[in-house]
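[1] sequence isn't available, so here's the structure alone:
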């Protein structure tokens, strides 16, 4: 799944946005009004590509690169760390894919990475995002759900509000 | 005073058998068997349980012949490092030879436990057909079979009482006698449909961490309607869907069911309706524990778990998040065993859950619990005996987790009954290890895995020799140890000198020279299993300590500095060892390689069965 995200800072009447681009939008076909989302004056969010199916490949490469930096010559480390094969299978393949998406918040230069597979619901995702991105300091607003709007870009290039479809369908 | 050993005849054999029945430990029974011929005979005929730690250490026929009345057998196959992909998949460990011998010689076998063996569907069918009073089948870390084999096991289960089937058999014999040979075909028909009670009273089907091919979707439906004796069912390792309604029927008709561990695939709603049928469960492994929040599902889950009055052990909880975990808070207080190592739940929620489990004795958890979580556990779970902390991100892709040596130190201080530790982390200090050693001299199992090889004490930059030395010097009953981090030969000197009870040692990326291996092999009186990878240990230590190897079950060395010449010498010197050289490059045959050829993987084990006959192309017995 290819995902692109952006997150914009709230400010005054501005809405913070999390943009996600998803290739599989077959189940996500309802469109929302985009005007309010595009009305912010700031520059478009920084999108950083995350290859969906290639993610494992990228991760593999970075893992091997990381390991090759050790003083072990050019050999790739097999079986280290000593985690059971079947556990690895359940972590890398099968149902629990590492599903990292990059999240950018508008106005913040440095993005964060969120593993969607570590979350079991929208509430959990919003919680993580609120912990990752600093809230604006002006008023002790507690309710992040009201404060931020999380959006994603589906494969048709349409901006959609996160939360319409069941979580399981969303993370596919 | 009776001269000689005539006193053995003073009592009839049955009396001695009864006396021996109080000896549970194999070592004790082995000792008894050496006293005199009479005792040897009596003991071997009365031994009911056999444990074969290495399936190639003895020929199956020999084992069956020696102990003809065995009722429970446990057999292990591949070396431990097979769990981490270091052993070629075709290396061996096939179960056929054993199952065939057992089918032949132990028809009354009731329990079979296989670990790290290759079990085919044919094997499972043979097991299903051969043992009339079979009660327990446990397959751990095995592969080679599919759900079709499981269907065969299921299909042969019966719970019918004995007299019914005997009566039927007698009736058939009588009718054959009176109607003559032409009726033979009818007899076969009758016999095949008669309720011949194979696998009678299967109580336990335990499938733990096996690689099972999924080709028979409805294998559970092969359990007959009359089958009601199930006590324990563990299918957590199965990947595919399981028919929930069939499973529900099975569970409903097995009133003695105490353990039920389901697999990942079942959705949460189905899990709830299943568990509602069995409030008597003591050990539950749930399926997937995540779904969108539905208040109705939440309260159903809550009431189901509140209904478990006897629940002691909880596992599964795949992908659990903060949404549904609070629904099961009601069982926390009664739990003694909790396995959350598939739950990807983050620290604050994890902490809330675990710190309610005041009676926990065993906790397996991901490093997502972080130091804070472990500090809370140390304060709440005072009865904790075993802790395992697994890495959520072993390859370092995601942002680092705040789990350090502090968590383990806190646990060692707060949990006075802690004796078994498996801990994955990214940093450690000698000071922390010293503290742990001083806090917990009662440790029997200490396995520390610092994820990055050669990591020193991050504060002093020293090797971690002092820390691990403190562990072996303080923990006099240490039976299992795994080392990691930056280590020199010094730590091996301490281990060799102090680790007198050590039975299993795992070493990786450690040591400077052969001296390291020499210290281990010349010390460690009780060492049974030694596994080493990526250490600069070579020929000299191996050859100097050749006789030690016969006192051990096995030695694994990979990516070390052993040459083929040393292996040849060792094999020559020690005929009761199998010296297996494993090389997957499959070049020219072993005989043509020179002595200085570096051996990539080496597996040495003692055996009375000689070189095995089922070596694959990549394995040579030197």
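    Done, it's in. Because the structure is predicted, anything quoted here is derived from the model rather than measured.
[2] can you pull the pLDDT of residue 28?
    In the absence of a named chain, chain A is used. On pLDDT, residue A:28 comes in at 33.
[3] chain B is the one I meant
    For residue B:28, the model assigns a pLDDT of 94.
[4] name the SS class of it, please.
    Recorded secondary structure, residue B:28: helix (DSSP: H, G, I helix; E, B strand; the rest coil).
[5] what is the burial count for residue B:12?
    9 (other Cβ atoms under 10 Å in any protein chain shown). Glycine gets a C-beta too; all of them are placed from N, C-alpha and C.
[6] over to residue B:547?
    What residue B:547 shows, counting by other Cβ under 10 Å, is a neighbour count of 11.
[7] mind listing what it touches?
    Counting by Cβ atoms under 8 Å, 6 or more residues apart in numbering or on different chains, residue B:547 touches residue B:574.
[8] buried sites along the host helix or strand of it?
    In the assignment (DSSP states H and E), residue B:547 maps to helix B:546-549. Neighbour-count burial for helix B:546-549 flags B:546, B:548-549 (criterion: 16 or more other Cβ atoms under 10 Å in any protein chain shown).
[9] quick one: which of those residues is nearest to residue A:121?
    residue B:549 (55.0 Å; Cβ to Cβ).
[10] surely the closest one touches residue B:576?
    No. Counting by Cβ atoms under 8 Å, residue B:549 does not reach residue B:576; the two are 9.5 Å apart.
[11] list residues touching both of those two?
    With Cβ under 8 Å, 6+ apart as the test, residue B:549 and residue B:576 both reach residue B:606.
[12] return the nearest residue of the stretch 351-500 of chain B with respect to chain A.
    Distances between the stretch 351-500 of chain B and chain A by Cβ to the nearest Cβ are smallest at residue B:395, namely 3.9 Å.
[13] that residue belongs to a helix?
    No. If the criterion is three-state DSSP, then residue B:395 is coil and not within a helix.
[14] could you identify the helix or strand that succeeds the helix holding residue B:547?
    Toward the C-terminus from helix B:546-549 - assigned by DSSP H and E - lies strand B:554-558.
[15] same for that following strand, what does it pack against?
    Using 3 or more Cβ pairs under 8 Å, 6 or more residues apart in numbering or on different chains; DSSP states H and E, the elements in contact with strand B:554-558 are strand B:529-533, strand B:601-606.
[16] and the residue nearest to residue B:589 when sequence neighbours are not counted, bridged to which residues?
    Leaving out its chain neighbours, the residue that sits closest to residue B:589 by Cβ to Cβ, 6 or more residues apart in numbering or on different chains is residue B:620, at 7.7 Å. Beta-bridge pairing for residue B:620 (DSSP bridges): residue B:581.
[17] let me see the contact set for residue B:620.
    Neighbours of residue B:620 in contact, by Cβ under 8 Å, 6+ apart: B:580-583, B:589-590.
[18] for the buried residues of helix B:546-549, which one is nearest chain A?
    residue B:549 (23.2 Å).
[19] so who does that closest one touch?
    Taking Cβ under 8 Å, 6+ apart, one finds B:521, B:555, B:570, B:574, B:577, B:604, B:606 in contact with residue B:549.
[20] run the last query once more with 6 Å
    By Cβ atoms under 6 Å, 6 or more residues apart in numbering or on different chains, the contact set of residue B:549 is B:555, B:577, B:604.
[21] could you tell me how many residues sit around the last one?
    So that's residue B:604. 25.
[22] which strand residues bridge it?
    Assessed by DSSP bridges, residue B:604 has beta-bridge partners residue B:555, residue B:579.
[23] for the residue in the stretch 151-300 of chain B positioned nearest to chain A, the count of nearby residues, please.
    As assessed by Cβ to the nearest Cβ, chain A sits closest to residue B:290 within the stretch 151-300 of chain B, at 3.3 Å. Residue B:290 has 24 neighbouring residues, counting by other Cβ under 10 Å.
[24] doesn't residue B:114 fall inside a strand?
    Yes. Assigned with three-state DSSP, residue B:114 falls within a strand.
[25] that one is in contact with residue B:137, isn't it?
    No. Using Cβ atoms under 6 Å, residue B:114 is not in contact with residue B:137, being 8.6 Å away.
[26] so residue B:284, which state does it fall into?
    strand.
[27] now do the contacts for it.
    Counted by Cβ under 6 Å, 6+ apart, residue B:284 has contacts B:260, B:314.
[28] go on, residue B:92?
    With Cβ under 6 Å, 6+ apart, residue B:92 has these contacts: residue B:614.
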